[in-house]
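*Asks:* predicted model follows, preceded by the sequence.
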Amino acid sequence: MEGFNSRVRRTIAGVFHHISPQHADLYFHEIGFRWSQRVVSGSAIRKTRHGREIMRRLWSRVPPALQLPTVFCAATGRQMRRSPDGGITIKSAVAVFG
């Protein structure tokens, strides 16, 4: 959980810059999707300032062609529409969190 929380903080600072409370759930869904679409690609040895060696995992993205089945599976029964004020509303026939 700590790793995901730090990922959220880094993503807000580096990608989104600001998250409005009105659309926070959409931003968090995007961060969660990016988190789940990564695989371990190898490992590297890193030296600390004190000379200790630490093994670190290297992560890479899942290629977009392999992401599509996951995206389409989660999109079944959902519709995305523009709201009258120019925002986005997601209409779901199924429970989003259940």
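*Replies:* Perfect, thanks for sending it.
*Asks:* now do the contacts for the residue nearest to the spatial centre of the chain.
*Replies:* Nearest to the mean C-alpha position of the chain, by C-alpha atoms, centre = their mean, lies I31 at 2.4 Å. Neighbouring residues of I31 by C-beta atoms under 8 Å, 6 or more residues apart in numbering: R7, V8, T11. Where you see a C-beta, it was placed from the backbone N, CA and C, and this is true even at glycine.
*Asks:* which of these are buried?
*Replies:* Among those, those buried by neighbour count (16 or more other C-beta atoms under 10 Å) are V8, T11.
*Asks:* can you put the contacts of I31 in JSON lines and add secondary structure, distance to A44 and pLDDT?
*Replies:* Shown next, in JSON lines, are the contacts of I31 (DSSP: H, G, I helix; E, B strand; the rest coil; distance: C-beta to C-beta, whole Å; pLDDT from 0 to 100):
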{"residue": "R7", "secondary structure": "helix", "distance to A44": "19", "pLDDT": "83"}
{"residue": "V8", "secondary structure": "helix", "distance to A44": "24", "pLDDT": "84"}
{"residue": "T11", "secondary structure": "helix", "distance to A44": "23", "pLDDT": "85"}
